[in-house]
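Engineer: What would the 3D arrangement of this be:
(chains A and B)
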There are 2 protein chains.
Amino acid sequence: MERHFHEQLQKLKESLLQMAAEVESSIAKAIDALVERNSNLADEVIRSDDVINNFEILNEEQCLKLLATQQPMAMDLRFITSAIKINNDLERMGDHAVNIAERVKILSEEEQLKPLIDIPRMAEIAQLMLKDSLDCFIKGNAEQAQLVCLRDDEVDQLDDQIFRELLTYMLSDPKTIARALHLIIISKNLERIADLATNISEEVIFIYKAQNIKHHLGDHEQRHIDTK
Amino acid sequence: MERHFHEQLQKLKESLLQMAAEVESSIAKAIDALVERNSNLADEVIRSDDVINNFEILNEEQCLKLLATQQPMAMDLRFITSAIKINNDLERMGDHAVNIAERVKILSEEEQLKPLIDIPRMAEIAQLMLKDSLDCFIKGNAEQAQLVCLRDDEVDQLDDQIFRELLTYMLSDPKTIARALHLIIISKNLERIADLATNISEEVIFIYKAQNIKHHLGDHEQRHIDTK
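Structural biologist: Numbering: from 1, shown residues only, chains lettered A, B, ... in the order given. Alright, predicted model coming up:
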């Protein structure tokens, strides 16, 4: 039973990592599509959202199965309930990538407003935050998770900077207004992705702190005595 | 044990309803502050976010406690894992109310752009969606939850309409650009609140459908045989 539980937990971890890789790839593609003005690539992001949604359904089923059949305790319980929330967060990041892709399709029909530097930079940080937060979750690394949370400020600053710069474009030339608005909304979507990555890292810190508080429950085998 | 479980579950339901009432009140206050150009009221929304955050912590602890000590099965298990996600969604709605309040503080310093009709209307629908989705969750009413999901389209249409109208303001008079942008972002925050309410209703449908699939597990008492 114990071995079976850990195999199932391992399967869940791998599936969450695969899902996160899909989400990362969607964000990367959406921003590549923006920079390259590539409407086909944006369509690819929109189509591949189904893959992410399927992962969400499978992972949630797996979490419920683990809760129902294994009755995990202490840190394992927290890991699984956090996995439910993180699974949800990853699905929403996928939705934000789709939102970006939809704006890219509109922008690809219009003349380019300006060469993009800050938005791809922001996307790069957000992707890294997502990757690192998932790594921290899987490996239980709360120290590293603290660092992910700190990077959220960097993203917020970039979002502010992008907002202010695009505002000056809008003020100096009304012909830029619609395009600048789409870029502002793309920036807001990236900011939300970084927020969701921060939530994941906060979850990791929560699991870790709870483990500290509950260390008197003993080692892993002991924690399972009641339920096996 | 059975009675104790239901008392605890009842306590969780009441706490989620109270939290939802706080979130509703924050949204209402943020929009009143916008309409009345009342910076103090906006500050009140920002301050009361702590109350919502404390609810989130308490509710999550309660969910984990129920999972760890009662090992619920079938629909009860789904109810509690959904409660974890809904608790999270409510907290985010509170964050969106704070985002709105922050924009209101900036707008209160500026001359009014236009009398607001669509944004308060959108807020009213979003609040009602939140209230109804929580009601459906607590009462297990999946039919009503379907109706909540349908209203999301109405909110999306209002968001589009607000976007287009404010765009015409920006195009015709550059002096309106900054204020119009804040209103667009307020509208986007309301649209996110309605999305989150829709998520809650989708959860209700998920619990209900799963109950249908699992009806062979028998009535409530039977489902608990294994774990009591």
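Engineer: C-terminal to the helix or strand harbouring A:Asp152, which secondary structure element comes first?
Structural biologist: For A:Asp152, the host element (DSSP states H and E) is helix A:142-172. Note on helix A:142-172: by DSSP H and E, the next helix or strand toward the C-terminus is helix A:177-213.
Engineer: could you give the mean pLDDT of that following helix?
Structural biologist: The average pLDDT within helix A:177-213 is 88.
Engineer: for stretch A:158-170, same thing?
Structural biologist: Mean predicted lDDT for stretch A:158-170 stands at 95.
Engineer: What residues sit buried inside it?
Structural biologist: A:Leu158, A:Asp159, A:Ile162, A:Phe163, A:Glu165, A:Leu166, A:Tyr169, A:Met170 (16 or more other C-beta atoms under 10 Å in any protein chain shown). All C-beta atoms are positioned from the backbone trio N, CA, C, and that covers glycine.
Engineer: Could you dump the residues you listed into CSV with distance to A:Ile185 added?
Structural biologist: Formatted as CSV, the buried residues of stretch A:158-170 follow (distance: C-beta to C-beta, whole Å):
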residue, distance to A:Ile185
A:Leu158, 15
A:Asp159, 11
A:Ile162, 11
A:Phe163, 11
A:Glu165, 15
A:Leu166, 10
A:Tyr169, 15
A:Met170, 13
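Engineer: now, which of the residues you listed lie close to chain B?
Structural biologist: Among these, the residues lying close to chain B (C-beta under 8 Å from any C-beta of the partner chain) are A:Phe163, A:Met170.
Engineer: what's near enough to touch A:Thr198?
Structural biologist: Shown in contact with A:Thr198 (C-beta atoms under 8 Å, 6 or more residues apart in numbering or on different chains): A:Met129, A:Ser133, A:Val148, A:Cys149, A:Asp152.
Engineer: Put the alpha carbons of stretch A:120-134 into PDB.
Structural biologist: Provided in PDB are the C-alpha atoms of stretch A:120-134 (Å, rounded to 0.1, in the frame of the first residue of the first chain):
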ATOM      1  CA  PRO A 120       9.400  39.500 -24.100                       C
ATOM      2  CA  ARG A 121      11.600  40.200 -21.100                       C
ATOM      3  CA  MET A 122       8.600  40.100 -18.800                       C
ATOM      4  CA  ALA A 123       7.400  36.800 -20.500                       C
ATOM      5  CA  GLU A 124      10.900  35.400 -19.900                       C
ATOM      6  CA  ILE A 125      10.800  36.100 -16.200                       C
ATOM      7  CA  ALA A 126       7.200  34.800 -15.900                       C
ATOM      8  CA  GLN A 127       8.100  31.600 -17.600                       C
ATOM      9  CA  LEU A 128      11.200  31.100 -15.400                       C
ATOM     10  CA  MET A 129       9.000  31.900 -12.300                       C
ATOM     11  CA  LEU A 130       6.600  29.200 -13.400                       C
ATOM     12  CA  LYS A 131       9.400  26.600 -14.100                       C
ATOM     13  CA  ASP A 132      11.100  27.400 -10.800                       C
ATOM     14  CA  SER A 133       7.900  27.400  -8.700                       C
ATOM     15  CA  LEU A 134       7.000  23.900 -10.000                       C
END
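Engineer: and that stretch, does that touch chain B?
Structural biologist: No - using C-beta under 8 Å from any C-beta, stretch A:120-134 never reaches chain B; the gap is at least 15.7 Å.
Engineer: Distance from the chain centre to that stretch, please.
Structural biologist: Relative to its chain's centre, stretch A:120-134 lies at 8 Å (C-alpha atoms, centre = their mean, to the nearest Å).
Engineer: Can you report how many residues lie near A:His143?
Structural biologist: Not quite, residue A:143 is Glu, not His. The local packing of A:Glu143 (other C-beta atoms under 10 Å in any protein chain shown) involves 10 other residues.
Engineer: What about the contacts of A:Thr198, which one has the most neighbours?
Structural biologist: A:Ser133 leads those on contacts (other C-beta under 10 Å) with 28 neighbours.
Engineer: Retrieve the pLDDT associated with that one.
Structural biologist: A:Ser133 is given a pLDDT of 96.
Engineer: who's in contact with the residue nearest to it when sequence neighbours are not counted?
Structural biologist: Leaving aside its sequence neighbours, A:Ser133 sits nearest to A:Ile200 (C-beta to C-beta, 6 or more residues apart in numbering or on different chains; 3.9 Å). Taking C-beta under 8 Å, 6+ apart, we find A:Ile200 in contact with A:Ile86, A:Asp89, A:Leu130, A:Ser133, A:Leu134, A:Cys136, A:Phe137, A:Val148.
Engineer: hmm, try it at 6 Å
Structural biologist: By C-beta atoms under 6 Å, 6 or more residues apart in numbering or on different chains, A:Ile200 lies in contact with A:Ile86, A:Asp89, A:Ser133.
Engineer: Give me the pLDDT for whichever residue of chain A sits closest to chain B.
Structural biologist: For chain A, the residue closest to chain B is A:Gln71, as judged by C-beta to the nearest C-beta, at 4.6 Å. Listed pLDDT for A:Gln71 reads 84.
Engineer: Can you report phi and psi for it?
Structural biologist: Main-chain torsions, A:Gln71, degrees, to the nearest 10: phi 40, psi 60.
Engineer: who in chain A is up against chain B?
Structural biologist: Contact residues (C-beta under 6 Å from any C-beta of the partner chain) of chain A with chain B: A:67-68, A:71, A:73, A:77, A:81, A:84-85, A:88, A:170-171, A:174, A:177.
Engineer: let's see it at 7 Å
Structural biologist: Applying C-beta under 7 Å from any C-beta of the partner chain, one finds that chain A approaches chain B through A:64, A:67-68, A:71, A:73, A:77-78, A:81, A:84-85, A:88, A:167, A:170-171, A:174, A:177-178, A:181.
Engineer: So, low pLDDT: which residues of chain A?
Structural biologist: A:1, A:210-228 (pLDDT under 70).
Engineer: The residue of chain A closest to chain B reaches B:Pro72, doesn't it?
Structural biologist: No - look at A:Gln71 against B:Pro72 with C-beta atoms under 7 Å: they stay out of range, at 9.8 Å.
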